[in-house]
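> here is a sequence with its predicted model. Questions after.
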Amino acid sequence: MNINWRRKERGVEHELRAARPEPKPEFLSALSEQVHAESRRSRFRARPRLALAGVLTAGLLAAVGAFGGFGYAATAAQQAVDAVSGILVAGNDDPIEVRLLTAGADQYQAGYAWGDPGQNHDGAPGLSQKGGDFAPPLVASCTGKVARVVTRIVLDEQADLKVSVMGPGGTKLVLTQKGGKQTKTLRYRVLVPRTIRIALRIPCSVLEDGARYKIVIHATDPDGNTSDLQVPFRALNLTA
Amino acid sequence: MNPLADPEPLIRRVYAYVAYRIGDGPDAEDVTSAVFERALRYQESYDRRKGSPLAWLVGIARREIDSALAARLPLHGEEAPVEPAAPGDLAEDSARRLSIAAAVEQLDPRDRELIALRYGADLTARQIGELLDMQTNAVEVALHRALARLREGAVAETTPGIVRPAAAAARAT
């Protein structure tokens, strides 16, 4: 191998290392926090439900303080207090909103651990659209540069949800999040089985007036069983 | 031992590997997230005698990429191609990234895999050999050849008048 070629090869190697793709900082920090929190939490699986509100509040505050949060979670104690207050008034209608990059979870919901036997059953998770066949057809219309589409789903056990929107050709559409960040798949861990409101924001520029799309929801329970749900919707009045 | 105790450098390496394989952007973020989601679920099964946490994660990433590519197969051609860098309208660093990304994209899947493992995930030739079931020196030779092809592609990319074979083929269809 001649010296000249060796030098050129080193040049390419140097270029490849220098141009190595880097994750976006917000993605890196969100996923890093999530992995930190989850890898520690997994050691304490199936903890019994905490009965007293005071204990629950203290426990959640301690968890938040020690581990940060799951994905987008804020670290401020006041927010944890607010969230816990929400649980105590049984507001089980918290929407899943696209907030940050990749993940979210019910980390402030009532004290069920991931895999809690009282919140899970054998077999695949039951996943359906609220109202079933009688649910009104969904429509996405633009307000400003973003179209909003909202649906409700019923989930009968704990599950990790992956939510995305598919176009007519099977492409996944970009979802716009609060703050303008974008992702194609929203992830959310549901610790409290319930009816869940899902609100998604889609850039109008990727929608076609009159075209049909679908929200695709993939649920995986703590045992690895999976279910899928597709909720169709139509894009209308995009220029309004 | 918790293989995910220090996740940030692992996320960087896995993301770089995935991005060299399927392109930088939201799809690479999706696959990287799925890799760590799976790793969290099966972290108890990690055995450090079988390899480093990074090698374990890259093994998971390879399977996730196969699934992602299989799902995306019918859509091939709809994806926006990587634009070659236009001189003067980008910072030097961004231009270099785009040019290298475009050259890597032109490689065949085997070469692209090797480049991604070596320069994205930063695995050694020995680790790559263990992952691909190859001898270390066979990996080194294959990498050497992949680099040669990459360099040819990169030269064609930046030299006016030289048309890349893959680009020419794409234009003909």
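Great, that's in hand.

> which residue ranges form the helices in chain B?
Using DSSP state H, the helices of chain B run over B:7-22, B:26-41, B:53-72, B:92-105, B:109-115, B:125-132, B:136-158, B:165-172.

> low-confidence stretches in chain B?
Low-confidence segments of chain B (pLDDT under 70): B:71-98, B:154-173.

> what residue in it comes nearest to chain A?
Residue nearest to chain A within chain B: B:A19 (3.4 Å; Cβ to the nearest Cβ). For every residue, glycine as well, the C-beta is placed using N, CA and C.

> skipping adjacent residues, who's closest to that residue in space?
Spatial nearest neighbour of B:A19, excluding adjacent residues (Cβ to Cβ, 6 or more residues apart in numbering or on different chains): A:P21 at 3.4 Å.

> any idea how far the one you found is from B:A28?
Separation of A:P21 from B:A28 (Cβ to Cβ, to the nearest Å): 7 Å.

> for A:A19, same thing?
Using Cβ to Cβ, A:A19 is found at 15 Å from B:A28.

> swap in A:L238?
Distance, A:L238 to B:A28, using Cβ to Cβ: 29 Å.

> so if I had to pick from these two, which one is more boxed in?
The neighbour comparison of A:L238 against B:A28 (other Cβ atoms under 10 Å in any protein chain shown) goes to B:A28, with 24 against 16.

> for that one, what are its contacts?
With contacts defined as Cβ atoms under 8 Å, 6 or more residues apart in numbering or on different chains, the neighbours of B:A28 are A:P21, A:P23, B:Y15, B:V18, B:A19, B:I22.

> between these, which is nearest A:S164?
Taking Cβ to Cβ as the measure, A:S164 lies nearest B:I22 of those, at 16.3 Å.

> my read is that that closest one contacts B:L69, right?
Yes: using Cβ atoms under 8 Å, B:I22 is in contact with B:L69, at 6.8 Å.

> so the two - more neighbours on which side?
B:I22 (21 against 15).

> so who does the more buried one touch?
Here B:I22 is in contact with B:A28, B:V31, B:I65, B:A68, B:L69 (criterion: Cβ under 8 Å, 6+ apart).

> can I get the residues you listed in JSON lines including distance to B:R126?
Formatted as JSON lines, the contacts of B:I22 follow (distance: Cβ to Cβ, whole Å):
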{"residue": "B:A28", "distance to B:R126": "26"}
{"residue": "B:V31", "distance to B:R126": "25"}
{"residue": "B:I65", "distance to B:R126": "22"}
{"residue": "B:A68", "distance to B:R126": "27"}
{"residue": "B:L69", "distance to B:R126": "27"}
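
> go ahead and confirm B:D24 touches A:P23.
No: assessed by Cβ under 8 Å, B:D24 is found out of contact with A:P23, at 9.1 Å.

> of the two, who's got more company?
A:P23 (24 against 20).

> if we ignore the residues flanking it in sequence, what's nearest that one?
With sequence-adjacent residues excluded and distances taken as Cβ to Cβ, 6+ apart, A:P23 is closest to B:Y15, at 4.2 Å.

> identify the farthest-apart pair in the contacts of B:A28.
It's A:P23 and B:I22 that sit farthest apart of those, by Cβ to Cβ, at 13.8 Å.

> strands of chain A, start to end?
Applying DSSP state E to chain A gives strands spanning A:95-97, A:127-129, A:138-143, A:146-155, A:159-166, A:175-176, A:182-183, A:186-190, A:195-203, A:212-220, A:226-235.

> out of those, deepest packed?
For the strands of chain A, average neighbour numbers computed from mean count of other Cβ atoms under 10 Å in any protein chain shown are highest in strand A:186-190, which has a mean of 24.

> which helices and strands does it pack with?
Counting contacts by 3 or more Cβ pairs under 8 Å, 6 or more residues apart in numbering or on different chains; DSSP states H and E, strand A:186-190 is packed against strand A:159-166.

> give me the contacts around the strand it packs on.
A:96, A:125, A:127, A:149, A:155, A:172-173, A:175, A:184-190, A:193, A:198, A:200, A:202, A:213-222, A:227, B:37.

> just to revisit the earlier point, going by distance to A:P232, which of the contacts of B:A28 wins?
Distance to A:P232, by Cβ to Cβ, is smallest for B:I22 among the contacts of B:A28, at 28.0 Å.

> how much space separates the closest one from A:V163?
Per Cβ to Cβ, B:I22 is found 21 Å from A:V163.

> which single residue in chain A comes nearest to chain B?
Residue of chain A nearest chain B, by Cβ to the nearest Cβ: A:P21 (3.4 Å).

> now that residue: how far from B:L69?
Going from A:P21 to B:L69 by Cβ to Cβ gives 17 Å.

> again, but for B:Q106
From B:Q106 across to B:L69, the span is 17 Å (Cβ to Cβ).
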